[in-house]
Each structure stands twice: as C-alpha cells, then as structure tokens.
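J.: Provided below for reference: sequence and predicted model.
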Amino acid sequence: MPAVSKGDGMRGLAVFISDIRNCKSKEAEIKRINKELANIRSKFKGDKALDGYSKKKYVCKLLFIFLLGHDIDFGHMEAVNLLSSNKYTEKQIGYLFISVLVNSNSELIRLINNAIKNDLSSRNPTFMCLALHCIANVGSREMAEAFASEIPRILVAGDTMDSVKQSAALCLLRLYKTSPDLVLMGEWTSRVVHLLNDQHMGVVTAAISLITCLSQKNPDEFKTCVSLAVSRLSRIVSSASTDLQDYTYYFVPAPWLSCKLLRLLQCYPPPEDGAVKGRLVECLETILNKAQEPPKSKKVQHSNAKNAILFEAISLIIHYDSEPNLLVRACNQLGQFLQHRETNLRYLALESMCTLASSEFSHEAVKTHIETVINALKTERDVSVRQRAADLLYAMCDRSNAKQIVAEMLSYLETADYSIREEMVLKVAILAEKYAVDYSWYVDTILNLIRIAGDYVSEEVWYRVIQIVINRDDVQGYAAKTVFEALQAPACHENMVKVGGYILGEFGNLIAGDPRSSPLVQFNLLHSKFHLCSVPTRALLLSAYIKFINLFPETKATIQEVLRCDSQIRNSDVELQQRAVEYLKLSSIASTDVLATVLEEMPPFPERESSILAKLKKKKGPGAVSVTELEDGKREGGELNGGSDRGPDAAAMAASNASTPSPSADLLGIRSTAPVNTAPPSTGSLLVDVFSEAGPAAPSAAVNDDGFLRDLEQPTETSDPLLVEGSGDSDSAPPSEDPAPPLSEADELLEKFVCKNNGVLFENQLLQIGIKSEYRQNLGRMYLFYGNKTSVQFASFSTTVSCPGELQSELNVQSKPVEPLVEGGAQIQQVLNIECLTDFSDAPLLNIKFRYGGALQNLTLKLPVTINKFFQPTEMASQDFFQRWKQLSQPQQEAQKIFKANHGMDTEVIKAKLLGLGMALLDNVDPNPENYVCAGVIQTKGQQVGCLLRLEPNAQAQMYRLTLRCSKDSVSRRLCELLAQQF
C-alpha cells in the first residue's frame, strides 16, 4: 500500500479526538459530540462545495463517533462520493465508512456497487484491493449477486498482481460462506486448484483457504487438489529454513501454509495413486522426524510453529487410519508430550490420543501410557486437562485394564471438579457394564459409584443396574445382600435407597434366611430411610412394602399399620395417598393367590440400547460416537447385556391394574412398549449391544436363550412393520432409478471382513458406512451405521438389501427401515437380521440411494456376510483331530492351495486371523509346532458342516500351504478361496 504523506494528516480530527479524551464526564463528551455533529451537518448542507480533504476529515469524525457508540444517520452519501476520488487516502476512508456503517439493505448499495465495479476494472492494484476488501467486509447477498462471477476471473487472470490475487481469494471465500448458492466455480475450478502451484507463497496460502472450504462442500470437483497439495507440502517439508526466507517463521518454513495443506488433505481419503501416497507418507515421516530433533531456537514461537505442524500431521495420520507404523509413531510422539511442562501441549496430546485409541493399529500403543494418564488425572492443575485425561482412560479401556481404570476413575471421583462429575459417573457406569468379567464386580462398582457421587448419578445409571440384576438370576442374591449392607450406613444417598427398595422388594427373599437380614429387619431398615426421602422415592418404597407382604406374609400386620397411619392415607401428595390407600385395600381383600399373581416378580427387560450410553452420546452432541469407535474386535468383545430405556418404575413393581397410574408413575414413559414375555438375554455376556435399536424387539419374533431372533421367516402383511424386506420408506419417496452395479472394489472391501466383524466398510468424501455384527449358530445380526461427512442434508435416503440369484434360497436377510433424511454431520443406524439356510458363496448386495445437493447418489456394495461367519469353534484332542482328518479323505472333500505370503508372517497376526475366522485354534495337535490346525462346525438351518483346517507356513520361502477338509465339497472350496487372500 502507498505510504501516507505528511499532508494527509487531519489536524481537525486529531483535535476532536483530543477534546473527547479530555472530557471530564459523560455529559461533557455528549455535549462535545453533539456540537461536532451539528458542525458536520452544516458543512454537508452548506452552499459551498467541500473538497476531498474536508469530506474525508468529516467522514472520519463520523466514523470515530460511531465507534464511540453513538448512532450516525447522515454522511453516507459523502462517503460514497469519496469512492470516486483518485487519492488513495480519500478512497480508503470512503470504503472504511461503507464497510462499517452501510446496511446491506441501503438504497446506496447500487451506487456503491458501481463504484466497486469501476475500481475492479481500473487495473490499479491498490484500488482493486480496496474494493475487494469492501466486498468481503460487507459480504451481503447483494454483493455476492453483483460480483460472484467477476472475482474468480480476477483471481485466475494471468496479469493480476499477487497482492490482488490474495485479496480476491479471501473475498471469494467470504462470499462463498455467506451465499454458497451464488458462488459457482464451474469453468474456473481447475484454474483455481492450480493456484496451489503458484510461485508466490502468499497466493498459495490465500488460495488454499478457499479450496479447503470448496472441497468440503464439493469434494469430487476439487479432488485433483490432493496431488498438488502433496507436492507443495513435500517441497516445504524438505526445504531448509533458508530456502523460504520470506516465509520462514522462527526457523520453521511456512508453518501456516503447512498446517492448511495438512488440513486440506483431511477432507479426502488416502490418495489412490501409489506415488502420491508414498510421497505423502514420506512427508509425514519427515515431520515426525523433525519433531525429535533438538529445537533450533529456545523461543516459544519456534516450538509453537513446529508443534502446530506436528499436530496437524498427526490429525491426518489419524484421519487416514491406514498406516500402522505412522499411527504407532504418532502415539509415541504424543506420549512424550504427556509429561511436557507446557499445559496446552499436554491437553492436545491427550485429546489426540483419545482418537488414536479407537484405531486397531494404535490401541495397544496408547495403552502403554496408562500410568502417565492416571497420574495426569490425579495431579493436573487445569480441570480441562484432567477432563481430557478421563476421556483418554475411557477410550483406552478394554477387558485387560477395565478394573484398574474403573478403580482409578472411582478414586478420582471423590475429589473431581463438580463440572465433570456427571460425565465421569456415566463413563464409569458404561465401562463397568461393558467390560464386567463378573456381575458381582459390576454391582459393587455401581453401588460404590452411588456412594461416592450419589448427587451426580442420574436415573439412567440406577435404572441400568436394576435392569441387569433382574435379567441375571445368578447375581440377584449377591445384589440383595450387597445393597442391604450398603443401606446400613448412617448417611445413605437417596439413589442408594431407590436401588435398595427395588432390589429388596424383588429379591429380599433370597437373603431372608439369615437372621441378620430377616424380613422385618429388611423392612425396618428401609422404613428408617422413608421420612428422609423425596416423594418419588417414598412412592417406590411403598411399592416395595406391598411386595414384602407377598414375599413375607409375616410382615403383613406391620406394613398395614404403616400404610394405615394418617401420614400415608391422608398425605398431601396425591400419588402417595393413592398408593397407600390402594395397597392397603389390596393387602386386605385379595387372597394369597391373587396377591401372588398381581405382585409377581418383574419380567426381564427387553434388549435395547444402553440408556446410559445414549445419555453420554446426547451429552457429547451428535456424531460424538464415530464409526471408528466400533472397531472393538481388538478389545475382546464389545457386546452388551439386555436392558432397555424402561426405568424400573416404582408403580410397575406393583401390578398396573392395582391402581390408576398417575403421571409420575411411569418414569420413562414406556409403559406401553415393554413386552412382558421376553426371554432373558445371553448368559455368556454381560453386554448385548450398546448400539442396538432403541425400540422394542419385534413381538412376532421369538427370542432364544442367546437373545437372538429365532423366527426369521419372511414377514407377512400383518407382521411388525419394523421388519420388512429392504429398507425403503414409502413416505420418503426414494429415487426410482435402478440400483447401480456393485463398485469395482466391492470384493476387496468384502475380503477385509472375512476375519473380523467390525469396522468401516466404505468411505468416500460424502458417506461413511460402518459395520458391527455378531453371529451365533446359523443366525446373525448386523448393525450398519451411515455417517454423513458433509454439512449438507442427505434427502430421500434409502437402502435396499437383496440376495442375487441362488442366494435367495441360501440366505434370509431382513432389514429395518432407515430415516429418509440424514442431517449434515449426523449418523443413522440400520439393523439386519440374517439366517443361514444352507451353505453359500455369493454375498448379499446393499444399495444406497440419496440426494446430495439435488444430485442423485447411487452405489451398491457387497455386505460382508461370508460362510465362515456361521462357524461354531470345536475343541478336540490330537488323536480325535487326525482320526476325523482321515475320515474326510475323499478327494472332493479336500481343497488345497499353495500361495505366496501377501503379508508379513507374524505368528500373533496369523493366530488372530484364524481365530477371527471363527474356528477353534488347536494347540499341540500337529507334530510340526510351526503349523496351525483349526476345527469348527458351520451351522446352517438344514445341516451342520464339519470343517478341519491345516495351515503350513514356510518362512524361508515366504509361502503357505493351506488345506481344508469339510464334509461338504462346496464349503471346502469357498473357505479355501476366502482364506488364501488373508495371509
């Protein structure tokens, strides 16, 4: 910009500002301002024409008065007149006044636009920059309509000066953010992308901000920027600090540009071109290497710039989640920051490691820092850092360290900041439930949680422990004993009383044989807390008392006396009064049989999403639980126990027909949804499914002991509407185009899931599809998670699952419908129930259709349902194995393949894949200890197919020989094809 000459100084403005500052009171200031406004108004209305200097001076005074907080209702026309001046300072003041004071609806907009057009076409770089700055500062829709087509031309023109290009790029970015529908790049797209190759670093820095924003909305149009961004990043990373002297900041070359390039690359999946990907990996490795080098300066600016690039690089590594070496190195680098003296670095390291913990490649590396994270939780002064440490402990938790982490979090809860206690309570409750190795530990943990932080234990937490106790026969006696002991404490939290009242009312008979916990002792213990509790808790206790009359007839007289007293039957609260009167009458007139029927034990709760996890997700906001968090195959299980959002309602403890339910009776409002005759959940796992559908299981489907749908016949017209073939929603008017053919990479995506059940099935710039599945015998259940990666809504979203050709008679797949609208950044879930009728070789097809920005998106994938998913592992001794091996000696029963190793021949990886296949890995069976042998039975509806496997690795030749013998030849061939791709 041109320098301001001495003659441009405005003495009158300086005197006015000095007068304002010297005012002794607000009244004096207002008086001086009013005097000046009157003077300026008279000058503007006077007969004598003002020169440019005077206009500039008076407009400047008006601008200063406005900035002091006073309204300005004149002078706008004079400011517009200044735009036509050929003097830089006058034009500058005119644009400044317009940017600050002119409303986008002003009548002067047309005049202003004409002046801006004149400056843009003047080819004077100084005037062009002033005009572009004004457009960006106003940023109105009218400005966008007038100049959205002109600015891209200026940006890519060959004769435009670099300073103007920078202003044009940032101006266009501003207009795109305010009116994206008006800024259409069209023919300019490729030329804008090629600005990344511009010689001027300032132009590249401005252009990349624009390209990043455009890529987020239109990723396909700008995907060519990936290779250019990698090339530019490579040149910066490999350069010395002396190569880019004008853009080197404290010995760090172009840190802002580097960060922006890394952020742009996070808008896209890993490059498909091998050369580009290799170059990018080299850049990331170089950045990680430079982080290990001694600092070139002790100044904080040097470390800040260096670390900014490092953290963006780590974010990109996490985003790709495909380079195990880089992920582990990033984890180790972050581990060094955990003990750094700089608080901000510790915070960022903890935050990044939370994301790393969800990757199967880096989860184990993150776990090595558990002691450091626990220490941070205990000793950090900053509450935000402590909260991130708690988040990381939650993310790194698995079966191997669950007890240690839960114990540490419980210990911290006693002194935790009030602002994070509720979230900590939810996390402890979820971890205790998800990774419980036995139910007694889970019950102890939750009761301890209530004791330590009772005020922060929400209803969902104590509902959940009751749901699990009711659904598990083997823990009911222990729970009753433990809660009875907890209630004996002098200071007992009300939530503990609620849990105690419910559990003792249901299962107090299991501990009544001990004289120390006889029926009357239990009743007196509960009733001693009655007068200290709130109305809802008293209502629950009254329901527990009537249950006691059914369980312990000897307590009838004592309890009736309590119910009969005036404080109950004449209670001012209508709910308590109604319960007391009705329970008293019920206990007096009903026979023993009727009482036993009405007050029978509560039925098990149906399988639903854990209400605790639902609350945590809601607390964190939409999209908080990413699909990558489902990658829990590495964590030895991730299933949940049956339970529902149905709260253990106090009124529901008594029969619903014993009284007219009051509004407060049904705590969670699902009285009508809970099926009564629901079988108990799986006895093999405390957790059935965190991400299961919130609605009740289909009443038409029978549920077996494993909690799986047994009746998977094709639904009739009267079947539950939740179970329909395909998932098109008739109300959503899905696109009518035919399904697209399967993607070219569909088979490759399918092969990734042969030995695992959870992960990301597909991802592009718009959509991410995650899978979580579980199988038992010939039944399976698959959860599909559709994530909208954009900020724009997906409309007419529909999915269809089909079984092509013969697969229709071999596999039965039923799906629940999906929501037709998927908001930007949101995630929806779909449930598939699968039944294997006979052996099969093809895979079901999943077609997804939706509209994005008006354009139809239509893609088809293969669902990862392969025959090995229905394996039941079979343990057998060496003698039995080889005896069975000889029995399967017919040539058609054997399939053998000799092939070169596609991956490293790591023993643990091979074992993990064989176990992921679903068979039992047999130790000490093969005479050669280097060989692997497995056994299993494939369960179909019509028959069982026995399978034996022998894998012989040759480490020296990097070869494998795979032999499979099955009782059915088609199964042998199919399993051999599937497995040969895995090793």
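T.: That came through, no problem. Numbers count the residues shown, from 1 in each chain.

J.: Can you get me a residue count around the residue nearest to Gln944 when sequence neighbours are not counted?
T.: On the basis of C-beta to C-beta, 6 or more residues apart in numbering, the spatially nearest residue to Gln944 that is not a chain neighbour turns out to be Val937, at 5.2 Å. For every residue, glycine as well, the C-beta is placed using N, CA and C. A count of nearby residues for Val937, using other C-beta atoms under 10 Å, gives 19.

J.: any idea which helix or strand of the chain has the worst average confidence?
T.: helix 650-653 (a mean of 38; mean pLDDT, DSSP states H and E).

J.: Not counting residues beside it along the chain, what's closest to Met128?
T.: With sequence-adjacent residues excluded and distances taken as C-beta to C-beta, 6+ apart, Met128 is closest to Val164, at 5.0 Å.

J.: which strands and helices sit next to the helix or strand in which that neighbour is found?
T.: For Val164, the enclosing helix or strand under DSSP states H and E is helix 162-178. Under the contact criterion of 3 or more C-beta pairs under 8 Å, 6 or more residues apart in numbering; DSSP states H and E, the helices and strands touching helix 162-178 comprise helix 125-138, helix 141-147, helix 150-156, helix 201-217.

J.: ok, how many other residues are close to the nearest residue to Cys947 once chain neighbours are set aside?
T.: Taking C-beta to C-beta, 6+ apart, and ignoring the residues beside it in sequence, Cys947 has Cys966 as its nearest neighbour in space, at 4.5 Å. For Cys966, the number of neighbouring residues by other C-beta under 10 Å comes to 26.

J.: Also Ser591?
T.: 8.

J.: before we move on, what about the one 10 residues further on?
T.: Using other C-beta under 10 Å, Glu601 has 16 other residues around it.

J.: give me every residue that touches it.
T.: The neighbours of Glu601, taking C-beta atoms under 8 Å, 6 or more residues apart in numbering as the test, are Glu506.

J.: Which secondary structure state does it sit in?
T.: coil (DSSP: H, G, I helix; E, B strand; the rest coil).

J.: And the pLDDT for it?
T.: In the predicted model, Glu601 carries a pLDDT score of 81.

J.: Ramachandran angles for it?
T.: Backbone geometry at Glu601, expressed as degrees, to the nearest 10, gives phi -60, psi 140.

J.: all strands of the stretch 251-400 of the chain, in order?
T.: Along the stretch 251-400 of the chain, counting by DSSP state E, counting those that start in this stretch, strands occupy 252-253.

J.: any weak-confidence spans in the stretch 501-650 of the chain?
T.: Screening the stretch 501-650 of the chain residue by residue with the criterion pLDDT under 70, one finds the ranges 607-650.

J.: 80 - rerun?
T.: Along the stretch 501-650 of the chain, the model assigns pLDDT under 80 to residues 605-650.

J.: Just the buried residues of the one helix or strand Leu431 maps to, please?
T.: Element membership for Leu431, per DSSP H and E: helix 418-434. Of the residues in helix 418-434, those scored as buried under the neighbour-count criterion (16 or more other C-beta atoms under 10 Å) are 420-434.

J.: Likewise for stretch 544-560?
T.: So for stretch 544-560, counting by 16+ other C-beta under 10 Å, buried means 544-552, 555, 558-560.

J.: just how off-centre is that stretch within its chain?
T.: Counting by C-alpha atoms, centre = their mean, to the nearest Å, stretch 544-560 is centred 49 Å from the centre of its parent chain.

J.: Show residues contacting it.
T.: Under the criterion C-beta under 8 Å, 6+ apart, residues 501-502, 504-506, 508-509, 512, 519-520, 522-523, 526-527, 562-563, 583-584, 586-588, 592, 595-596, 599, 653-654 lie in contact with stretch 544-560.

J.: Tell me which entries of those residues lie within strands.
T.: Restricting the contacts of stretch 544-560 to those inside strands, with DSSP state E as the criterion, leaves an empty set.

J.: Please pick the buried ones from those.
T.: Using 16+ other C-beta under 10 Å as the burial test, the contacts of stretch 544-560 include 501-502, 504-506, 508-509, 512, 519, 522-523, 526, 562-563, 583-584, 586-587, 595, 599, 653-654 as buried.

J.: sorry, back to before: and the helix holding Leu431, what does it pack against?
T.: Short answer (3+ C-beta pairs under 8 Å, 6+ apart): helix 418-434 packs on helix 383-396, helix 402-413, helix 439-453, helix 459-471, helix 611-620.

J.: so which of those is the most packed in?
T.: Compared across these, helix 459-471 shows the largest average neighbour count, a mean of 25 (mean count of other C-beta atoms under 10 Å).
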